[in-house]
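Participant: okay, here's the prediction I keep looking at, along with the sequence it came from:
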Amino acid sequence: MKTPVLTRRQFLKTTGALVVSFNLMPSAQKAFAQFAKLPSGDIDPTSLDSWLVITPDGYVTFYTSKVEIGTGVITALAQFVAEELDVPFDKIKMDAGDTNKTIEQGGTTASRTILRGGPQVRQAAAAARLELLKLASTQLGAPLDKLTVNDGVVSVIGDATKRVTYGQLIGGKKFNAKLSVKGTGWDMVVAPEVKPKNPKDYKIVGKSIPRVEIPRKVTGEHDYMHDVRIPGMLHGRVVRPPMINTEPVTIDQDSIKGIPGVVMIVREGKFVGVVAKSEWSALKAAHALEVTWAKPTSKVPGTPDELFTFLKNTKPVRSAKAVDKGNTATALAQSKKVYQASYRWPFQMHGMIGPSCAIAEVKGKTATIWSGCQGPFRTRGRIAEILGFKEQDVRIIYHEASGSYGRLSADDRAEDAALLSRAVGAPVRVQWSRQDEHGWEPKGPAQLDEVKAAVEADGKLTVWDFTDYSQPWTVSGSTPLLASLQVGLRPNNPGGNNGTQASGDFYTVPNHLITIHQIDWHFPEPIPLRTSNLRAPGDVARCFASECFIDEIAADLKIDPVEFRLKNLTGNKRGIEALQAAADKAGWQKRPSPAPASNGNVAKGRGVALTNLSNTYVAVVAEVEVNKTTGQVAVKKMACSHDCGLIVNPDGLKNQVEGNVIQGMSRAMYEEVLFDSTSAVTSLDWSSYPIMRFPDMPELELVLIDRREMDPLGAGEAATSPPAAAIANAIFDAVGARLREGPFTPKRVLAAMQKKA
Amino acid sequence: MAKFSLRVNGKSQTVDAEPEMPLLYALRNDLQLNGPKFGCGLAQCGACTVIIDGNAIRSCVTPVGSVQNKAVTTLEGLGNTKKMHKLQQAFVDEQAVQCGYCINGMIMTSKALLDKNPKPTDTQIKEALSGNLCRCGTHIRILRAVKRASGQING
């Protein structure tokens, strides 16, 4: 049902030529894009022409569904292309995230862009180089092994006069070559039979090449999603209910009467929005529109105590054993002393600085969506479902939005824009308010972690029994999002799980059990406190629990915390080296925690934590000062070691790791989403959900461990996990008080100190 | 609706708007100046910062009707990719950007700082930027970029 203030026909009549078809593809790319298509209409990954195009001037355009989300991956992927092709880096153009032009390589999430996308891009580029050499071999009359390539020019070894450029060989023409491809998305294996370069010979991969988009970002020239404007575009805002499934009982049209330029009040099912000619009018109208909503019926745990009791006592929707070795129950029963503790972690938010934004243009049975989504093909599937279109009739055009840390996996705003555009028959831009972004973004789930362990006299762990009570993501790329739920689509599964790593899984223990329980909300209707993947999903809480617990045991045994970890990392070469590197960087003095009591009002402490995420190892040492009177903690310094295999771009990696550590510190020190018993989020702005600010920034020193013999691994998340545990351990070292719940507010620190006293 | 004449980046411009509409919407939607960004609309994050008569101001809460005949400078008024302002160049040199959504505010706030205090200490820079939020955790590089622009880091 729609409630037009102005009918669509009247609207079109009064505003003239509004529905304008518009194509944003730059003409150069349009002229040379020459991908092959599958019968479905999607791009065929088995055709080399689908991956890249070389123009007569020697420029290479590489097509990828991987996107720049502020992490530098597009520069890193371009380095692979330049390296394998032997083309100067500045001749590589990456055309990213357009579902009509690229192959679905899986979303830009889960630290898998370099890990999985890197080899895909590398192999496609290596295959192109081989094809180019074959062409050159014919043209120059020399066998393949007598050819060499330098800066996109093929020449015959020993006879520099015999040369031909890539532009001359293939410029503007098709390769017409097939690639062997197995699997899809993240798991796609591209041309494994083609031998890429030996990393020993790398000239571009491994260099700190400046990120390609940064100059435009500091001048206002970067085309962020929020800056995209489509001719004839209108502005929409959604009016959110108190509960997702709440019915609007009345909508008072008169409440927005005086606002100029309002085009339509849109209602579809339980979805309510407004569309106006200007952004300001849309914003005012959404604010002023009086909607009476039916009373929410669900009551949820409204306090942290209720929440953690709920997590502990509710039957899991799924349970899994991530590690199951030996017999922990028997071993615990036989142990003289059993260590036991439980740790709590609150809901936290992604907290994008720029709120959600998308534009949709729905015309007949086709739709074009401009969005900053982390998975353009996932968004395509969602939009096709909500509009009832064929997937291939929906085109997603990616534009970088705000840094998202997982938030832009679930493309709520594209659904909003699609419904509003269809209703009004014109392109509609939707941008969320800060309150809506804080309130409705899906949160990183709250977690309860319980750990039991036993040790031998020499400090070796004999039992490690770790249980994680977490929530599945009610929101993931493929589940119905806000608008979908409001128009009646229903999820057919409880969503993705919140991970299993950073749970003490990398220690060597004979009786080793890691159990992951997924506790669904189990309410009759979806609730506002939605959950999804937040950077290093679940790992921050699990690393906090496992690495603080390790510290508790070490302290009880009066063993230095680094030494205790080393004892239990038997044979784990990379774990040991990462731990040692961070300790060395921090100038770690060997002694047990806590530090000898100090006389002054400010106590100093140091703490360490180690983690592993998808085989990337990170260790962090934190140094803190605790004010014994106020409980205020200052994180003075952190040292971080990072081993993600082969390093593609050292400075780009440093930028990422610094960001992860700072964000991890922010989550540890300040961040907790508050909500009430209707699960309505009450942390609706930056004063009620504080994050780290400049005066609180620590000094930070990094050690990057480069492993040329390995493939590159992910770096987008791992270093987010250890800061919380390292800081909590440092607080213990300083004042002998153990924090088992984050964030480490002065109140919690004082309470822990009082408990200890 | 009324007409307002604005002086933006040295040019006189006229926008047709309601007087209480924040300046940010006039800059972005009427004048197509994309440097200032919408972050919160509450003057809490700094993404929308512009310089008005020498002061770093949150354009998301500044009514367009209140800035008539005042000199407004946006990020675009500092420089462009062909000819960058020293602050912009320093942010590139230090690669002091991740997503970059907050960077407009970081540069504009630092510009107002350096105009008043050309050689600020670390503490003064941190204090000046304390109301500017960066979620990517680029603080260390941003601090270094501002020091570089003030001639306190070379090379």
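Facilitator: The structure has been received and is ready for your questions. Bear in mind the structure is a predicted one, so any value in this text is a computation, not a measurement.
Participant: strands along the stretch 201-350 of chain A, start to end?
Facilitator: According to DSSP state E, counting those that start in this stretch, the stretch 201-350 of chain A carries its strands in the segments A:234-238, A:248-252, A:262-268, A:271-276, A:290-293, A:318-325, A:339-345.
Participant: and what of chain B?
Facilitator: Here chain B has its strands, by DSSP state E, at B:2-8, B:11-17, B:49-52, B:55-58, B:71-73.
Participant: burial-wise, tell me which of those comes out on top.
Facilitator: Mean neighbour counts were compared across the strands of chain B using mean count of other Cβ atoms under 10 Å in any protein chain shown; the top stretch is strand B:49-52, at a mean of 25. Every residue, glycine included, has its C-beta placed from N, CA and C.
Participant: other SSEs contacting it?
Facilitator: Identification of packing neighbours for strand B:49-52 by 3 or more Cβ pairs under 8 Å, 6 or more residues apart in numbering or on different chains; DSSP states H and E yields strand B:55-58, strand B:71-73, helix B:103-116.
Participant: can you pull the domain assignment for chain B?
Facilitator: B:2-78, B:86-149 (automatic domain parsing).
Participant: can I get those in a markdown table with mean pLDDT?
Facilitator: Below are the domains of chain B laid out as a markdown table (pLDDT from 0 to 100):
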| stretch | mean pLDDT |
| --- | --- |
| domain B:2-78 | 97 |
| domain B:86-149 | 98 |
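Participant: all helices for the stretch 251-400 of chain A, in order.
Facilitator: Chain-ordered helices for the stretch 251-400 of chain A, with DSSP state H, counting those that start in this stretch as the definition, fall at A:279-288, A:304-313, A:328-334, A:376-387.
Participant: what sits up against the third one?
Facilitator: Spelled out, that is helix A:328-334. Counting contacts by Cβ atoms under 8 Å, 6 or more residues apart in numbering or on different chains, the residues outside helix A:328-334 that touch it are A:338, A:452, A:454, A:462, A:463, A:464, A:465, A:510, A:511, A:512, A:513.
Participant: equivalent analysis for the last one, please.
Facilitator: With contacts defined as Cβ under 8 Å, 6+ apart, helix A:376-387 is touched by A:65, A:67, A:97-99, A:102, A:104, A:107, A:360, A:362, A:367, A:369, A:371, A:373, A:389-391, A:393-396, A:398, A:409, A:411, A:414-415, A:418-419, A:422, A:477-478, A:480-481, A:483-484, A:487, A:489.
Participant: and if you look at stretch A:138-150?
Facilitator: Stretch A:138-150 has contacts (Cβ under 8 Å, 6+ apart) with A:85-86, A:129, A:132-134, A:136-137, A:154-158, A:162-164, A:169.
Participant: are any of those residues buried, and if so which?
Facilitator: Neighbour-count burial within the contacts of stretch A:138-150 applies to A:85-86, A:129, A:132-133, A:136-137, A:154-156, A:162-164, A:169; the criterion is 16 or more other Cβ atoms under 10 Å in any protein chain shown.
Participant: tell me the confidence at the closest residue in space to residue A:590 that isn't next to it in sequence?
Facilitator: On the basis of Cβ to Cβ, 6 or more residues apart in numbering or on different chains, the spatially nearest residue to residue A:590 that is not a chain neighbour turns out to be residue A:560, at 4.7 Å. With respect to pLDDT, residue A:560 has a value of 98.
Participant: residues contacting residue A:560?
Facilitator: Here residue A:560 is in contact with A:554, A:590, A:591, A:592 (criterion: Cβ under 8 Å, 6+ apart).
Participant: what's the distance between the spatially most central residue of chain B and residue B:59?
Facilitator: Computing the C-alpha centroid of chain B and ranking residues by Cα atoms, centre = their mean puts residue B:108 first, at 2.9 Å. Residue B:108 sits 10 Å away from residue B:59, taking Cβ to Cβ, to the nearest Å as the criterion.
Participant: so which residue of the stretch 351-500 of chain A comes closest to chain B?
Facilitator: Of all residues in the stretch 351-500 of chain A, residue A:403 sits closest to chain B, at 3.1 Å by Cβ to the nearest Cβ.
Participant: assumed that residue was part of a helix.
Facilitator: No - with DSSP: H, G, I helix; E, B strand; the rest coil as the criterion, residue A:403 is coil rather than part of a helix.
Participant: which residues sit in contact with it?
Facilitator: By Cβ under 8 Å, 6+ apart, residue A:403 lies in contact with A:69, A:70, A:352, A:353, B:98, B:99, B:101, B:135, B:136.
Participant: go with 6 Å
Facilitator: Taking Cβ atoms under 6 Å, 6 or more residues apart in numbering or on different chains as the contact definition, residue A:403 lies against A:70, B:98, B:99, B:135, B:136.
Participant: go on, residue A:692?
Facilitator: Neighbouring residues of residue A:692 by Cβ under 6 Å, 6+ apart: residue A:666.
Participant: the helices and strands packed on strand B:49-52: which one's closest to chain A?
Facilitator: Distances from chain A to each of those were compared using Cβ to the nearest Cβ; the shortest belongs to helix B:103-116, at 5.8 Å.
Participant: can you pull the buried residues of that closest one?
Facilitator: Within helix B:103-116, the residues that qualify as buried are B:103, B:104, B:105, B:106, B:107, B:108, B:109, B:110, B:111, B:112, B:113, B:114, counting by 16+ other Cβ under 10 Å.
Participant: and for stretch A:483-490?
Facilitator: A:483, A:484, A:485, A:486, A:487, A:489.
Participant: I figured the fourth one hits residue A:269, correct?
Facilitator: Yes - counting by Cβ atoms under 6 Å, residue A:486 does reach residue A:269; the two are 5.4 Å apart.
Participant: wait, residue A:401 touches residue A:372, no?
Facilitator: Yes - look at residue A:401 against residue A:372 with Cβ under 6 Å: they come within range, at 2.6 Å.
Participant: and chain B, which residues reach chain A?
Facilitator: B:21, B:25, B:29, B:34-35, B:39-42, B:44-45, B:47, B:75-76, B:80-81, B:88, B:91-92, B:95, B:97-103, B:126, B:129-130, B:135-137, B:139-140 (Cβ under 6 Å from any Cβ of the partner chain).
Participant: quick check: end-to-end length of stretch B:12-22?
Facilitator: Start to finish, the residues bounding stretch B:12-22 are 18 Å apart (Cα to Cα, to the nearest Å).
Participant: where in chain A is pLDDT low?
Facilitator: For chain A, applying pLDDT under 70 flags the ranges A:1-33, A:298, A:477, A:522-525.
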